[in-house]
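Pasted the sequence and its predicted model underneath.
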Amino acid sequence: MKDKKKLILVITAVVLISSILLLFNYINLREEKNSLKGKIGYVNIQQVFNRHPLKKDAEDELNKLAQDMQLELENKLEDVPKDEHQQLIKDYQKRLSKKENELVNNIVVKIEKTVQEIAQEKEMKVVVEEQDVVKGGHNITQLVIQRIENK
């Protein structure tokens, strides 16, 4: 009889301790989820850009375009008077620069969208670029990188 009471007491204690631990973990998870609520965050856009999966594709596309344009330019320069060479070179540089800006902006827009999603989910007050932070704030750069890499 005494052993049965001891067993019931031990089981009750284990259940009580397990319940307390589960409650404690639940409270910590809720606090962690809302730990950025109303806070100001910052993100290192350059670091995120450098880790973005689309960066390599954009570089490859730009390099291919540059090679193709170089061949095209070399062929055209043969048929154009020398006094027009500089203008032709500038035109090609402008086209290449325009394409580069287009590719970079495409990635930056995706990064900004991800930052906005995280800020909204975490109910953050504001998120700025790291370079604009003088003091304080919460760095969400790794959150952004993880989100982008997991997409």
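Yep, that arrived.

Tell me how far the helix ranked longest in the chain lies from the chain's centre.
When the chain is parsed with DSSP state H, its longest helix is helix 85-121. On the basis of C-alpha atoms, centre = their mean, to the nearest Å, helix 85-121 sits 16 Å off its chain's mean C-alpha point.

Please, where are all the strands along the chain?
Per DSSP state E, the chain carries strands over the ranges 40-43, 126-129, 138-139.

which stretch among these comes nearest E84?
Within those, the stretch nearest E84 is strand 126-129; the backing value is 42.7 Å (C-beta to C-beta). To be clear about C-beta, it is placed using only N, CA and C from the backbone, and glycine gets the same treatment.

Report the residue ranges of every domain in the protein.
1-33, 37-150 (automatic domain parsing).

Throw those into a markdown table and include mean neighbour count and mean pLDDT, thanks.
Formatted as a markdown table, the domains of the chain follow (neighbours: other C-beta atoms under 10 Å; pLDDT from 0 to 100):
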| stretch | mean neighbour count | mean pLDDT |
| --- | --- | --- |
| domain 1-33 | 10 | 60 |
| domain 37-150 | 14 | 91 |
